[in-house]
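Student: what's the 3D shape of this:
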Amino acid sequence: MSTRWCHEDFFDTNVIISAFITHGHASEVFEHCLSTHKCYTSDFVFAELKKKLMEKFEYSDVETRNVLDFTGENLIIIKEYRKITSSVCRDPDDNNILAAAASIKADCIITGDKDLKVLKNYKGINIVSPKDFWPLEKIFLGGRINN
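Tutor: Residues are numbered from 1 along each chain as shown. Got it, this is the predicted structure:
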């Protein structure tokens, strides 16, 4: 494991959605990382975020735009990355997440996606759920965190 933990975080779609919809681990991790870490997502996630908010969660155009505006203003959107040609993940769409995170050498991918979490690590990038993020962040900060 790297000597530094999660200074550069990549957020997957489901965690961003959960951060806006629920007030649990995802929203706590999202807020913490936005204030203390460098946060990324990708154009693939951004497009998926828009689609899921409108179709699955029935957000209005205005509500969706608010989430997208906030995300675009607070996370760095990775647009250029080398696609993965081999099958790394069970869900081929998740290869986009891995490729984008690898392109910026992220410290971790924060996701609730089971197909990604089962990997645990990709090219030195830790893959964790919001719940599993806290114990490792606490270790990094030397126990100085209240969650």
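Student: and residue 7, how many neighbours?
Tutor: When neighbours are defined as other Cβ atoms under 10 Å, residue 7 has 14 of them. Any C-beta I mention is one placed from the backbone N, CA and C, and that applies to glycine too.
Student: Confirm for me that it is in contact with residue 107.
Tutor: Yes: Residue 7 is within contact range of residue 107, at 5.5 Å (criterion: Cβ atoms under 8 Å).
Student: Show the contacting residues for residue 49.
Tutor: 13, 16-17, 41, 67-68, 71 (Cβ atoms under 8 Å, 6 or more residues apart in numbering).
Student: Next secondary structure element downstream of whichever strand or helix holds it?
Tutor: Element membership for residue 49, per DSSP states H and E: helix 43-55. Following helix 43-55 in sequence order, the next helix or strand is helix 61-74 (DSSP H and E).
Student: Remind me what that next one packs against, helices and strands.
Tutor: helix 13-21, helix 43-55 (3 or more Cβ pairs under 8 Å, 6 or more residues apart in numbering; DSSP states H and E).
Student: Just tell me which of those helices ends up closest to residue 139.
Tutor: Proximity to residue 139, assessed across these by Cβ to Cβ, is greatest for helix 13-21 (20.5 Å).
Student: that older thread, okay, the helices and strands packed on helix 61-74, which one's buried deepest?
Tutor: helix 13-21 (a mean of 21; mean count of other Cβ atoms under 10 Å).
Student: got the contact list for that helix?
Tutor: By Cβ under 8 Å, 6+ apart, helix 13-21 touches 24, 26-27, 29-31, 41, 45, 48-49, 52-53, 57, 67, 71, 110-113, 130.
Student: Can you say which of those residues are buried?
Tutor: Buried members of the contacts of helix 13-21, counted by 16 or more other Cβ atoms under 10 Å: 26-27, 29-30, 41, 45, 48-49, 52-53, 67, 71, 110-113, 130.
Student: show me the contacts for residue 101.
Tutor: 10, 40, 109, 122, 125.
Student: repeat that with 10 Å
Tutor: Listed by Cβ atoms under 10 Å, 6 or more residues apart in numbering, the contact set of residue 101 reads 8-12, 40-42, 78, 81, 107-111, 116, 122-123, 125, 127.
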